[in-house]
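1. Pasted the sequence and its predicted model underneath.
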Amino acid sequence: MTPHKITEDLVVAAGTAKETENLTAICPVIGLVIAGAWWNVIPTHYYTVPDAKICHFVVPQYNIHGAYFLGPDKVASSATTPGSCSNDSFAFHHYFYHGSIGYYAFYEEASGTYCAKDQVSYVAVDGLGTYDSNGADLSNDTGDTLYRGSYWYGLFGAIWIAYRSMLMRRSFVSCQRFGRRSDIMQQKMIFKEAVVYVQESLRLSAHGARNYHRAAILYLLVEGLMSDLFMLIAQDGVIATVQYISLGYNLSGVLSMLFEMVESMNWLGEKWRCLIKRLFFNYEAAMIGELFCAIVMHYYLTSLNRSSLRYSKPEAEAVSYYVWSLVGHGIIVLGIVAAIVTIRAAGAVIAVRFTFGSLGPLTTVCGVDSALGVRSKLVLLSGYVWEDGELRYSVDTLKCFGIMSMEDDDGRQLLVLHKLRWLSIPRQDMIVIGEVHGNRVEPCPERPCTGVVSMFGKTLGGPPSRVQIIPPTLPKHTFAIQMPLQKPG
């Protein structure tokens, strides 16, 4: 965000004495209505300045510190003020800083009117920004007339934007190459297949990433999450709905990255790993939970802010506002996560029950899933088929995930996948991840693909186990050698 400057009327000179006498009478505001949600306010003290009183307030559960000016005369009510307050409205102007995880805070300045009947101020946002301050420095800040900004936010924001831009480029090149290979093999791709392939190519971590890589990405995701949480009180209307969806989407990214870390540590058996992934990380219900949260977010935030959390100032002062804000933000996040995973699980159960007539496929091990392992971002529940008592990937689903076939010099059929690296996009980007025995797949150590590749013409899956090699029953109609692709001249 661009540097900001606090309105001079809200700035208190350094060294001005704090006062608390008749605090609730001089600073009567108990709530703010911003962007359709109600936020609790607790006054801590006030400052006497020429011709006015500047009230300092906190929102203890979110590490929010600010100041407001309340006009002495009645004025016309603001656009968001209820009609019942039309004759009891007073000018109101405030700013606050919302402490983040890192050493910076988000800034918001807003104005509107205060309703004496319900002691609530109804405001619209005038300006936003960031500032390098947090913790005790933030709680004791009285403002100044200089421009303020955040190098911390600018640095990590620039890193995140640059990284996501590189991922977009990597995805574009990967999709372009896969499309060319499909054209060479005269394979048509429907919209659903293209969407799945694009989403898989947009994964945040590379194939073969270590957990310290994922931890770094997770930190950037959390910083982005804090930006979304702040923007909940800075946007209104359609933009607010988009912001709510963005919050849910980023939370989904955090959940996906956390599960990816658990997957890579091999703490879960294959049956449990498949169950969790199919329930909570599937394409069928990927955005339904996020959309639901966007619809009810106003009500959810208001109910939280009206709960006992509004009286948690003593707890915040005991452990520090920064630490207590982790609890407050954590409660918001846990509620949203609970809604998302519940809706995803319900959607997965309905989809599997409707498709297969039972819930057995949720816990059935599939060799293709075992070979993909942590390399797949989400699973496509409708892409499974049940054949010969085994759970398999359909031919179209194999194409969705960019899975192809290769035969080595010994005549063995191998499972081949496009490898996504961090930033580089080499021409030779395909790797072997499994061996095919009839319709079954056995995971194998990753190695480069050096032979002829083609699309599979049969379903693959079944439990991964060593069986006698069975020659493919369906011939490959078209094939291509993995070699540098030439742009059409």
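-> That came in fine, so what should we check first? Keep in mind that this is a model prediction, so the values were computed, not measured.

2. quick one: secondary structure of Cys46?
-> Just so we're on the same page, residue 46 is Tyr rather than Cys. Under DSSP: H, G, I helix; E, B strand; the rest coil, the three-state class of Tyr46 is strand.

3. Model confidence score at the closest residue to it other than its chain neighbours, please.
-> Excluding its sequence neighbours, the residue lying closest to Tyr46 (Cβ to Cβ, 6 or more residues apart in numbering) is Cys55, at 4.6 Å. C-beta here means a position set from N, CA and C on the backbone, and glycine is covered the same way. pLDDT recorded at Cys55 is 95.

4. hang on, Cys55 packs against Pro43?
-> Yes - assessed by Cβ atoms under 8 Å, Cys55 is found in contact with Pro43 at 5.4 Å.

5. Spell out which residues make up each domain of this structure.
-> Using automatic domain parsing, the domain parsing of the chain gives 8-149, 153-358, 367-481.

6. which one of the ones you listed lies closest to Thr2?
-> When these are compared by Cβ to Cβ, domain 8-149 sits nearest Thr2, at 6.8 Å.

7. Pull the distance from that closest one to the chain's centre.
-> Computed by Cα atoms, centre = their mean, to the nearest Å, the chain-centroid distance of domain 8-149 equals 30 Å.

8. first to last residue in that domain, what's the distance?
-> 17 Å (Cα to Cα, to the nearest Å).

9. returning to what we had before: I'd like the domains of the chain laid out as a markdown table, including distance to Thr2 and mean neighbour count.
-> Listed next are these as a markdown table, based on distance: least, Cβ to Cβ, whole Å; neighbours: other Cβ atoms under 10 Å:
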| stretch | distance to Thr2 | mean neighbour count |
| --- | --- | --- |
| domain 8-149 | 7 | 18 |
| domain 153-358 | 10 | 17 |
| domain 367-481 | 29 | 18 |
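
10. May I have stretch 29-42 as PDB, with CA atoms only?
-> What follows is stretch 29-42, C-alpha atoms only, in PDB (Å, rounded to 0.1, in the frame of the first residue of the first chain):
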ATOM      1  CA  VAL A  29     -18.600   4.800  21.500                       C
ATOM      2  CA  ILE A  30     -18.900   1.000  22.100                       C
ATOM      3  CA  GLY A  31     -19.000  -0.200  18.500                       C
ATOM      4  CA  LEU A  32     -18.200   0.600  14.900                       C
ATOM      5  CA  VAL A  33     -20.100  -0.600  11.900                       C
ATOM      6  CA  ILE A  34     -17.600  -0.800   9.000                       C
ATOM      7  CA  ALA A  35     -18.300  -2.700   5.800                       C
ATOM      8  CA  GLY A  36     -21.500  -4.100   7.100                       C
ATOM      9  CA  ALA A  37     -20.000  -5.800  10.200                       C
ATOM     10  CA  TRP A  38     -20.200  -4.600  13.900                       C
ATOM     11  CA  TRP A  39     -16.800  -4.200  15.700                       C
ATOM     12  CA  ASN A  40     -16.400  -3.700  19.400                       C
ATOM     13  CA  VAL A  41     -14.500  -0.700  20.800                       C
ATOM     14  CA  ILE A  42     -13.100  -0.200  24.200                       C
END
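
11. which other residues reach that stretch?
-> The set of residues external to stretch 29-42 that reach it, using Cβ atoms under 8 Å, 6 or more residues apart in numbering, is 43, 55, 57-60, 68, 70, 80, 92, 94, 110, 114, 118-123, 125, 232-236, 240, 297-298, 301-302, 305-306, 309-310, 313.

12. Likewise for stretch 284-297?
-> 37, 232, 241, 244-245, 247-249, 252, 300, 336, 339-344, 346-348, 351, 378, 380-382.

13. What segments of the stretch 301-450 of the chain are helices?
-> Taking DSSP state H, counting those that start in this stretch as the test, the helices found in the stretch 301-450 of the chain are 313-319, 321-356, 367-372, 395-400.

14. follow-up on the earlier one: in which helix or strand does the residue nearest to Tyr46 reside?
-> Taking DSSP states H and E as the definition, Cys55 sits inside strand 52-59.

15. by contact count, what packs against that strand?
-> Packing partners of strand 52-59 (3 or more Cβ pairs under 8 Å, 6 or more residues apart in numbering; DSSP states H and E): strand 42-49, strand 64-74, strand 89-99.

16. Which neighbours do Cys55 and Pro43 have in common?
-> The contact sets of Cys55 and Pro43 overlap at 27, 29 (Cβ under 8 Å, 6+ apart).

17. Can you list the low-confidence ranges for this protein?
-> For the chain, applying pLDDT under 70 flags the ranges 1, 237, 465-489.

18. go again using 80 as the cut-off
-> Across the chain, the ranges flagged by pLDDT under 80 are 1-2, 189, 232-241, 409, 424, 426-428, 464-489.
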